[in-house]
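Engineer: No sequence on hand, only this structure:
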C-alpha cells in the first residue's frame, strides 16, 4: 500500500466542517447519485447475491500477518508460506489454476539493485556544483549491470517533459536529446483557465487533477523513449505530493523486473534533486528557475540547453529472484464470453523482517495486516462468493494475488506486460489495497472518480446498500497512479481503485479522521500493523459485497465498460480493441 490513504484527510475535514457548520464548505454530497441502471448489466439485487464471510476474512488476515509468515517479503520464507497458503485456499474454494500451464503460479523475475552512494557533479567551465548523495540527490539505475555512468553529459531543461498529442503539447519540439541529461519538473503543466486565470484549465491535463503525464514514472519513461542518458526531476513538495524525505527512502535496494534487454533501454541514471539544487543548477546555466517554470506551463515552451554537464558513477550490488503471482480462475458459462475476463487483484507482499534498529518494541516483523493481508483475504472470500452463485457469470473471473507491490507495483506490472490472457479480452480490473476495519460507513471512496464506466457500476450497487460514492478529495496528488490497478489502466484496461468511506455509521464526524491519523502515525509500514482487538469488519464485509456485485455485473453485461471521454487511457483501449 502506498500513501494514497492520506488523501482522505481533505474529505474528512470537509465532512467535519459540514457537520459543525464551520467554514464555507458545501454540505451537499460530493457526487450526483444518478438512479439510472447500468445498461446491459445483470440486475440481481445486491442483497440476493451470496454473502461475504467476515469471520473468514479475519481468519485469513490473522494467518497471513502472523509471525510465522515473517512479513511476506518477496524472495523469502515468508513468500513460500504465503504462496502455498493462497494456492491451497484457491484449491479448497474449487477454483481452477489460473495459468495456462496448469498451475496457480505466474513466475515474476525480479532483480534487486543496491546502489553505492555517489555524488552528482555539475560543471560549467571553472564552475562546479557537487550534490551530496541522499541530502541533495537520490539516484539509481534500472540497468542490470555492475555500474551505470554519465560522464560530462550535456544537461537540457525540458520543462515538464511531456508529450501529449491530445492536448497539443510537446515539450521537446523535435529537439534531439539522445545521450543527454534531462532535467524536468514534476506533475502536469499548470495551464491557467482562459476564463479564470486563478484556476487551472479543466480541459488541459485534467485541471486540478493529476494525469499520468504528471507522474514521476512517466517522466523516466519518456526520457528513455527519447534516448536520454539520465533523467533528473526537480523535487517540489506540493506538486510531488510528498516531501523529499519520502524520496530519500529510495537509497537502498530496489527491486525491478528483469526485461530481456536487462533494462538497458532505460536511461542509465534516474533520480531526483532537491529544489535548492535545481535552482542552483539553472542559475549556473544562466537561467532563473521561476521564470523557466512559468514558461514551461505554456505550449510555446522549448527545451533549454544549460551549457552545463553532469557526471555520476553508480556501482551496484545485484541479486536476482523468481517471485510469484498467484492466479486462480472461475470459468464463465457463456461459450461466446468465457474467454473474456474480469480480473480482481490484491497484493500479498509486505516488507518482511527489518533490521533491529527498525524494530518497534522489539518486533522486527513487518506484519502488514491492513497492508495488505486483509485485501488478500478479501480476494479469497470474493472468490468463494463467486463459487456460491447458482451458476457462473457469462464471463470468466480471474483472481490474481500479486507480488512486489511495495517494490513499485512490480507483480501487477509483470502481469500487465506479459498477461496470461489477452488484455483486449480483459474487460476490467478491480483492485483491493487495504480494507475498512472500523465498522460500516455511509459512503465509499473512489480514487480517480470519473475515469470509467466502472464508477457507474459502483454508484448503482452502493445505492442499493443505501450508500453514496465520494470522489478522491485530493486528485492533484495522483493517487490513482499509485496502486496495482494502475498497471492495467496504463495498458488500456478500465480499472477500479476503491477506498473505504469516511462517514462512519453511529460515529462522530471526526471518527474517520482519528482512526486514519492513528494508523498513519503508528502502524503504516511499521511492525505494529497487526490485527487489533477492536477491529470491526462489518464495513469491510459491506465493501466486499459491493466489489463482488460490481465484478459480477460487469461479467454479465452485454458490453465492455469504457473509459470516460477525455481520459488519458481511452485511446490506448480503443487502439487495442481495433486489432
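Structural biologist: Structure received. Model, not experiment: these values are computed from the prediction. Residues are numbered from 1 along each chain as shown.
Engineer: what's the spacing between stretch 189-208 and its chain's center?
Structural biologist: Here stretch 189-208 shows a centroid-to-chain-centroid distance of 25 Å under the convention Cα atoms, centre = their mean, to the nearest Å.
Engineer: Now it: buried residues?
Structural biologist: Buried positions in stretch 189-208, judged by neighbour count with 16 or more other Cβ atoms under 10 Å: 189-191, 200-201, 204-207. (Glycine included, C-beta is placed from N, CA and C.)
Engineer: Let me have these in JSON lines, extended by distance to residue 413, pLDDT and secondary structure.
Structural biologist: Formatted as JSON lines, the buried residues of stretch 189-208 follow (distance: Cβ to Cβ, whole Å; pLDDT from 0 to 100; DSSP: H, G, I helix; E, B strand; the rest coil):
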{"residue": "189", "distance to residue 413": "26", "pLDDT": "96", "secondary structure": "coil"}
{"residue": "190", "distance to residue 413": "29", "pLDDT": "95", "secondary structure": "coil"}
{"residue": "191", "distance to residue 413": "30", "pLDDT": "95", "secondary structure": "coil"}
{"residue": "200", "distance to residue 413": "30", "pLDDT": "93", "secondary structure": "strand"}
{"residue": "201", "distance to residue 413": "31", "pLDDT": "91", "secondary structure": "coil"}
{"residue": "204", "distance to residue 413": "28", "pLDDT": "92", "secondary structure": "coil"}
{"residue": "205", "distance to residue 413": "24", "pLDDT": "91", "secondary structure": "coil"}
{"residue": "206", "distance to residue 413": "23", "pLDDT": "81", "secondary structure": "coil"}
{"residue": "207", "distance to residue 413": "28", "pLDDT": "87", "secondary structure": "coil"}
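Engineer: Now do residue 424: how many residues are near it, please.
Structural biologist: Neighbour count for residue 424, taken as other Cβ atoms under 10 Å: 18.
Engineer: and it, how far is that from residue 493?
Structural biologist: 9 Å (Cβ to Cβ, to the nearest Å).
Engineer: What is the nearest of the buried residues of stretch 189-208 to residue 497?
Structural biologist: When those are ranked by distance to residue 497 (Cβ to Cβ), residue 206 comes first, at 15.6 Å.
Engineer: what's near enough to touch that closest one?
Structural biologist: Contact partners of residue 206, counting by Cβ atoms under 8 Å, 6 or more residues apart in numbering, are 188, 475.
Engineer: what's the distance between it and residue 54?
Structural biologist: 37 Å.
Engineer: any idea of the pLDDT on the closest residue to residue 243 other than its chain neighbours?
Structural biologist: Among residues not flanking residue 243 along the chain, residue 237 sits closest, at 5.2 Å (Cβ to Cβ, 6 or more residues apart in numbering). With respect to pLDDT, residue 237 scores 91.
Engineer: All further residue positions should be reported with the first residue as 36.
Structural biologist: Sure thing, new numbering starts at 36, so read that last one as residue 272.
Engineer: Just to check, residue 272 is in contact with residue 282?
Structural biologist: No: between residue 272 and residue 282 there is no contact under Cβ atoms under 8 Å: 10.2 Å.
Engineer: which of these two has more neighbours?
Structural biologist: residue 282 (20 against 13).
Engineer: Was I right to think the more buried one contacts residue 174?
Structural biologist: No: using Cβ under 8 Å, residue 282 is not in contact with residue 174; the gap is 10.2 Å.
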